[in-house]
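In: okay, predicted coordinates and the sequence, questions at the end:
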Amino acid sequence: MNHDEMIRHARQVLSDNDRGAYTVPTHGLYPFQWNWDSALSALGFAHYDEPRAWTEIETLLDHQWDDGMVPHIIFHAPDDGYFPGPEVWGTGRAVPTTGITQPPVAGFAVRRIHDRARDSALAGRQARALLPKIHAWHQWFYRCRDPEGTGLVALLHPWESGRDNSVDWDDAFDRVPIDGVGEFTRRDTAHANPAHRPTDGQYKRYIWLVQKFKSLGWDNTKLHDASPFKVVDPGFNAILIRACEDVADLAARLGMEEIAKESRAMADKGVAAMESLWSDELGQYLCYDRAEGKLIPSASIGGVLAAFAPIPKHRITALVRRIEELGEVCNYLIPSHDPRAPEFDGLRYWRGPVWLIVNFMVADGLQRAGEREIIDRIMGDCLRLIETSGFAEYHDPVTAEPCGGAHFTWTAAMIIEILHTFEVAA
Ligand code: GLC
């Protein structure tokens, strides 16, 4: 497949998953709007339909909560093909949403789409309208998920990370009880191979946390302290820091001084705090279990995704070494877990497979830091994966086997973005 054909296929995927004012990640498995899927998918649309790209992000932020949170799923139209649906969450919104959030990549997307827009008048109007909302979301994070002001926010549910069943959560998640979780029927395993999905035991704990938060009325002034699961993820924090930095930069150029100043301060504090997560032993950042007060020695992609943030140059250099090392033990970069670790599973979701969105964010961070060689390898691997196995949700880093859902929106969007913005061999 040449690049033009690839882009044509990718646009077809986006158009098939387009529901007018938002896209679904894929038909069947994920029939609603997902937060970070939308922000990243907008990058793909922007190359050929800027108004549609802006609409995607606008729709997402239309469902922001009064306290500033932007929810992880918006249940625009009923669909009983997904569990847990609106009745399980019980958030009481007119258009139902979940009560947790997802990686705040929207600030990065808005700046990127704005800065390369052909229609700069539209881009200016959209950015002015969207930045205050995104800024309120960022402030919500530091207020509600970092109540002690450490500079790092905690996740209260693995689904907030976007890396649902990562090895990173295993020990902390084991402490989440399952009492009182009634019988339920999973829907995901009807759409995708159960061997590629989280286990039933994990699903019970996912639901226990939802029930706990619901019993507290989804009051974000209470959830952080009440949750038995409180994990600081370097990848998630890197996305938040990068988004604050991008918002600071764009807001300054648009004359939105207050937002620029506050965003810059949040980003600076976050970058400094990230140092506490560095592991010399693994050569990457680690998660921190805030409930137990200890680092989690798990060799996952979360600690490599930190390259997306403006971290110090010597840390970038070390992360490049880490990625090179991973490249020696798999065929396609970047595995979501180190293939040499005993927990590695090349087919199971976030416990080994390659995800194009992560590859893109890591490569973007490395590009900003002036790295070159490793980016060629990462981007080349992305294209080979799609050529071999199509626009799957994720791929096995050794065999390239396509896994999870097929015809996947953000995988397609990433191909459009990568082919337009990185120099990749034809
Ligand atoms: C899965 C992924 C998550 C993504 C969602 C929709 O839950 O782990 O990151 O947002 O699917 O694609």
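Out: Good, I have the coordinates.
In: so who does Leu216 touch?
Out: Shown in contact with Leu216 (C-beta atoms under 8 Å, 6 or more residues apart in numbering): 222-223, 226. C-betas here are computed from N, CA, C, even on glycine.
In: could you do Ala123 as well?
Out: With contacts taken as C-beta under 8 Å, 6+ apart, Ala123 has the following neighbours: 50, 54, 113-114, 117.
In: and the residues you listed as CSV, adding secondary structure, neighbour count and distance to the ligand?
Out: Shown next, in CSV, are the contacts of Ala123 (DSSP: H, G, I helix; E, B strand; the rest coil; neighbours: other C-beta atoms under 10 Å; distance: C-beta to the nearest ligand atom, whole Å):
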residue, secondary structure, neighbour count, distance to the ligand
Glu50, helix, 20, 23
Trp54, helix, 25, 21
Ile113, helix, 23, 19
His114, helix, 23, 23
Ala117, coil, 18, 26
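In: name the nearest of the residues you listed relative to Pro158.
Out: Closest approach between the contacts of Ala123 and Pro158, by C-beta to C-beta: Ile113, at 29.2 Å.
In: list the contacts of the closest residue to that closest one other than its chain neighbours.
Out: Across the structure, with C-beta to C-beta, 6 or more residues apart in numbering as the measure, the residue nearest Ile113 apart from its sequence neighbours is Ala46 (4.6 Å). The neighbours of Ala46, taking C-beta under 8 Å, 6+ apart as the test, are 53, 113, 116-117.
In: what does this protein put close to the ligand?
Out: By C-beta under 6 Å from any ligand atom, the part of the chain that sits against the ligand consists of 25, 30, 34, 36-37, 162, 164.
In: okay, the nearest residue to His3 once chain neighbours are set aside and Arg52: tell me how far apart.
Out: Nearest residue to His3, sequence neighbours excluded (C-beta to C-beta, 6+ apart): Leu419, at 5.3 Å. Leu419 sits at a distance of 18 Å from Arg52 (criterion: C-beta to C-beta, to the nearest Å).
In: over to Lys212?
Out: Taken as C-beta to C-beta, the span from Lys212 to Arg52 is 38 Å.
In: other SSEs contacting the helix or strand Ala251 falls within?
Out: Element membership for Ala251 (DSSP states H and E) is helix 234-253. When contacts are defined as 3 or more C-beta pairs under 8 Å, 6 or more residues apart in numbering; DSSP states H and E, helix 234-253 packs onto helix 106-115, helix 120-144, helix 158-161, helix 257-274, helix 356-368.
In: can you pull the buried residues of it?
Out: Buried residues in helix 234-253, counting neighbours by 16 or more other C-beta atoms under 10 Å, are found at 234-251.
In: check stretch 394-414 too.
Out: For stretch 394-414, the buried set under the neighbour-count rule, 16+ other C-beta under 10 Å, comprises 394-398, 400-414.
In: what's the average pLDDT for it?
Out: Taken as a whole, stretch 394-414 has a mean pLDDT of 97.
In: same check, this time on stretch 198-214
Out: Mean per-residue pLDDT for stretch 198-214: 95.
In: do the same with stretch 301-318
Out: What stretch 301-318 shows for mean pLDDT is 98.
In: give me the contacts around the one helix or strand in the chain whose mean pLDDT sits lowest.
Out: Across the helices and strands of the chain, the lowest-confidence element by mean pLDDT, DSSP states H and E is helix 188-191, at a mean of 90. Applying C-beta under 8 Å, 6+ apart, the contact partners of helix 188-191 are 28-29, 81-83, 197, 405.
In: which among these end up buried?
Out: For the contacts of helix 188-191, a burial check counting by 16+ other C-beta under 10 Å picks out 28-29, 82, 197, 405.
In: so can I have TSV of the residues you listed showing distance to Leu216 and secondary structure?
Out: Shown next, in TSV, are these (distance: C-beta to C-beta, whole Å; DSSP: H, G, I helix; E, B strand; the rest coil):
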residue	distance to Leu216	secondary structure
Gly28	32	coil
Leu29	29	coil
Tyr82	24	coil
Arg197	28	coil
Gly405	32	coil
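In: using CSV, lay out these together with distance to Met361.
Out: Formatted as CSV, the buried ones among the contacts of helix 188-191 follow (distance: C-beta to C-beta, whole Å):
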residue, distance to Met361
Gly28, 26
Leu29, 22
Tyr82, 26
Arg197, 24
Gly405, 20
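In: give the contact list for Ala309.
Out: 237-239, 241-242, 245, 270-271, 274, 365.
In: which of the residues you listed lies closest to Gly303?
Out: Ranked by distance to Gly303 (C-beta to C-beta), the contacts of Ala309 are led by Ala238 at 9.4 Å.
In: thought the closest one was touching Gly303?
Out: No - under the criterion of C-beta atoms under 8 Å, Ala238 lies out of contact with Gly303, with a separation of 9.4 Å.
In: tell me the contacts of the residue in the stretch 201-350 of the chain that the ligand sits nearest to?
Out: In the stretch 201-350 of the chain, no residue comes nearer to the ligand than Trp350, which is 6.3 Å away by C-beta to the nearest ligand atom. Taking C-beta under 8 Å, 6+ apart as the definition of contact, the neighbours of Trp350 are 163-166, 300-301, 336-337.
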